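Asker: Quick one, fold the following:
(one chain, ligands or ions: 1)
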Amino acid sequence: MSTKVAVVTGSNKGIGLAIVKALCQQFQGVVYLTSRDIGRGKETMDTLVSEGLKPMFHQLDINDLSSITAAAKYFKEKYGGVDILVNNAGIAFKGADTTPFAIQAEVTLKTNFFATRDMLTHFLPLIKSGGRVVNVSSFVGSRALNQCSPALQERFRSEDLSEEELAGLMERFVKETQKDEHKQGGWPETAYGVSKTGVTALSMILARRLSKERPGDKILLNACCPGWVRTDMAGTKAPKSPEEGAETPVYLALLPPDATQPHGRFVSDKEVQPW
Ligand code: NDP
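Answerer: Predicted structure coming up:
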């Protein structure tokens, strides 16, 4: 049998690192810790090895298309594809950050939505039969959805929303923030929230596409919220440890081979949530 392989983006620290640790203990295969910065990734690798864990490492900056395509080529050539992909990498401006909202919107959507979409464009064709794809979104994305205009909510929830229309809506949000017209456009005042609305909606679109185009492969693709987790992003007051935050993403990554659901859902605390 060929070697099974799991890849976790943005896993040199925080929730991604906790996902790598849990997969090293629970997944029967090779687990790849990836980071955009090789130094930070290798430093974390040394710590894991000293703890007796045996992940592998590959550089992966999701904002850099050549890094994504190089990694995709590597996994295709070395393993014939990927069994588990966890799209965990993400960014958030701090609440107190004074960077203009339009810049925050552009930068946040670039990584959280557009770069995650690039990852999925290049890695979904590599996902093997029986594979699992987990996109780390956020409950903040669901809250932002509920704060959108009724017209936008209808589109984000629509089963006929296409990937192109969704990308167009995300671009429209960024453009409208630049003219300070996003409120009139029906958007909430949260770039991070809108980026995660996009990640969840994209997950639903791609799951529908997998069911239609590769039904026999039984791949399960979901978005999830890790909860509010103590990391550099969320700070020290959050109630969950990174290990607790990893529980739902790892549960989705390790859904048993005969599972048929959840698929195309938004999952929190291992439960499907309304969208
Ligand atoms: P951290 O800031 O602790 O870690 C984020 C990770 O993503 C880091 O490894 C970072 O790398 C990496 N990253 C950022 N940009 C890129 C990029 N372009 N390419 C590759 N890696 C990148 O955050 P968390 O662990 O808290 O967050 C992980 C995920 O969970 C995110 O998607 C976040 O939105 C989501 N989330 C977190 C919550 C929380 O309460 N913490 C709540 C809900 C969702 P580097 O070290 O180089 O910066």
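
Asker: partners of residue 240 in the sheet?
Answerer: Residues in a beta bridge with residue 240, per DSSP bridges, are residue 229.

Asker: how about the host helix or strand of residue 145, does it reach the ligand?
Answerer: Secondary structure from DSSP states H and E places residue 145 in helix 139-147. No: using C-beta under 6 Å from any ligand atom, we find that helix 139-147 stays clear of the ligand, coming within 6.6 Å at best. In short, each C-beta sits where N, CA and C put it, glycine included.

Asker: What's the first helix or strand after that helix?
Answerer: Following helix 139-147 toward the C-terminus (DSSP H and E): helix 150-157.

Asker: Whichever helix or strand comes after that following helix versus helix 150-157: what angle between them?
Answerer: Under the assignment DSSP H and E, the closest C-terminal helix or strand after helix 150-157 is helix 163-178. Helix 163-178 runs at 140 degrees relative to helix 150-157, counting by axes from the mean of the first three to the mean of the last three C-alpha atoms, to 10 degrees.

Asker: Now helix 163-178 - C-alpha only, PDB.
Answerer: C-alpha atoms of helix 163-178 as PDB (Å, rounded to 0.1, in the frame of the first residue of the first chain):
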ATOM      1  CA  GLU A 163     -16.700  30.000  -7.200                       C
ATOM      2  CA  GLU A 164     -16.300  32.800  -9.700                       C
ATOM      3  CA  GLU A 165     -19.300  34.700  -8.300                       C
ATOM      4  CA  LEU A 166     -18.000  34.200  -4.800                       C
ATOM      5  CA  ALA A 167     -14.500  35.500  -5.800                       C
ATOM      6  CA  GLY A 168     -16.300  38.500  -7.500                       C
ATOM      7  CA  LEU A 169     -18.100  39.200  -4.200                       C
ATOM      8  CA  MET A 170     -14.900  39.100  -2.200                       C
ATOM      9  CA  GLU A 171     -13.300  41.500  -4.800                       C
ATOM     10  CA  ARG A 172     -16.300  43.800  -4.600                       C
ATOM     11  CA  PHE A 173     -15.900  44.000  -0.800                       C
ATOM     12  CA  VAL A 174     -12.300  45.100  -1.100                       C
ATOM     13  CA  LYS A 175     -13.100  47.600  -3.800                       C
ATOM     14  CA  GLU A 176     -16.000  49.100  -1.800                       C
ATOM     15  CA  THR A 177     -13.800  49.500   1.300                       C
ATOM     16  CA  GLN A 178     -11.400  51.500  -0.800                       C
END
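
Asker: what residues are up against residue 55?
Answerer: Shown in contact with residue 55 (C-beta atoms under 8 Å, 6 or more residues apart in numbering): 20, 24, 30-33, 45, 48.

Asker: what do you get for residue 75?
Answerer: 5, 7, 81-82, 123, 126.

Asker: before we move on, back to that, which one of the contacts of residue 55 is nearest to residue 272?
Answerer: The nearest member of the contacts of residue 55 to residue 272, counting by C-beta to C-beta, is residue 20 at 25.1 Å.

Asker: Next, the buried residues of the longest helix seen in the chain.
Answerer: Scanning the chain for the helix with the most residues, using DSSP state H, yields helix 191-213. Neighbour counts over helix 191-213 (16 or more other C-beta atoms under 10 Å) mark 191-208, 210-211 as buried.

Asker: got it, and stretch 223-239?
Answerer: Of the residues in stretch 223-239, those buried (16+ other C-beta under 10 Å) are 223-231, 234, 238.
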